[in-house]
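Q: Any chance you can model this:
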Amino acid sequence: MMARAFVALGSNLGDPQATVQAALAALECLPLSAVVAASSLYLSAPVGLHNQPDFINAVAALDTQLSAETLLEELFAIEVRFGRTRAYLHSPRTLDLDLLLHGGETRRSAQLTLPHPRMHERAFVLLPLVEIAPNAVIPGHGPAVALLDNVRDQALTRLEAVKAF
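A: From the prediction side, this is the model:
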């Protein structure tokens, strides 16, 4: 069964812009999945973090036959290939891939929470999500576009559009 999944991409080490572009290409190689849209790249200051470089962020939409758990495992494997380490909570990262939504699923387990916690509070997630899916609904929170007013104080700069899918 096919599901529309949304993945947030972020990087703030090395060459973050090139890393996010390369990670989008890696998403295209996921089994039983196809990238159907990718947002522009956005520059954002770290939210709630201090003494870290700014992030490059984007959101991708995938049509996938993978379960949410299997897709998350694949995302973690891509992070590792890009040199992701988890030295401490909220440490700087070469690549961060977050499964935001998987169809309309909602769940909370030790491995996975859907929708992704706090996505509704983050401009660097909401703005790119609305760019590629203006009618996206975040279960338990409502239309993503309606949540943008709550994050207007979070500075975000659109850098460039990525290739069309």
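Q: Report pLDDT for Asp15.
A: Note on Asp15: pLDDT of 94.
Q: Kindly list the main-chain dihedrals of it?
A: Per-residue torsions, Asp15: phi -110, psi 80 (degrees, to the nearest 10).
Q: Val151 too?
A: Dihedral angles for Val151 - degrees, to the nearest 10 - are phi -120, psi 20.
Q: Contact partners for the closest residue to it other than its chain neighbours?
A: With CB to CB, 6 or more residues apart in numbering as the criterion, Val151 has its nearest non-adjacent residue at 3.9 Å, and that residue is Ala123. All C-beta spots, glycine's among them, are computed from the backbone N, C-alpha and C. Contact analysis of Ala123 by CB atoms under 8 Å, 6 or more residues apart in numbering lists Ser44, Leu148, Val151, Arg152, Gln154, Ala155, Leu156.
Q: What ranges does the chain have for its strands?
A: 3-11, 33-38, 41-44, 55-64, 96-102, 107-108, 113-114, 137-138, 142-143, 156-160 (DSSP state E).
Q: Switch those over to JSON lines; also include mean pLDDT, distance to Leu127 and mean neighbour count.
A: Shown next, in JSON lines, are the strands of the chain (pLDDT from 0 to 100; distance: least, CB to CB, whole Å; neighbours: other CB atoms under 10 Å):
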{"stretch": "strand 3-11", "mean pLDDT": "97", "distance to Leu127": "11", "mean neighbour count": "24"}
{"stretch": "strand 33-38", "mean pLDDT": "97", "distance to Leu127": "14", "mean neighbour count": "19"}
{"stretch": "strand 41-44", "mean pLDDT": "96", "distance to Leu127": "7", "mean neighbour count": "20"}
{"stretch": "strand 55-64", "mean pLDDT": "97", "distance to Leu127": "9", "mean neighbour count": "24"}
{"stretch": "strand 96-102", "mean pLDDT": "96", "distance to Leu127": "13", "mean neighbour count": "23"}
{"stretch": "strand 107-108", "mean pLDDT": "94", "distance to Leu127": "25", "mean neighbour count": "10"}
{"stretch": "strand 113-114", "mean pLDDT": "98", "distance to Leu127": "20", "mean neighbour count": "18"}
{"stretch": "strand 137-138", "mean pLDDT": "97", "distance to Leu127": "14", "mean neighbour count": "18"}
{"stretch": "strand 142-143", "mean pLDDT": "98", "distance to Leu127": "14", "mean neighbour count": "12"}
{"stretch": "strand 156-160", "mean pLDDT": "90", "distance to Leu127": "6", "mean neighbour count": "13"}
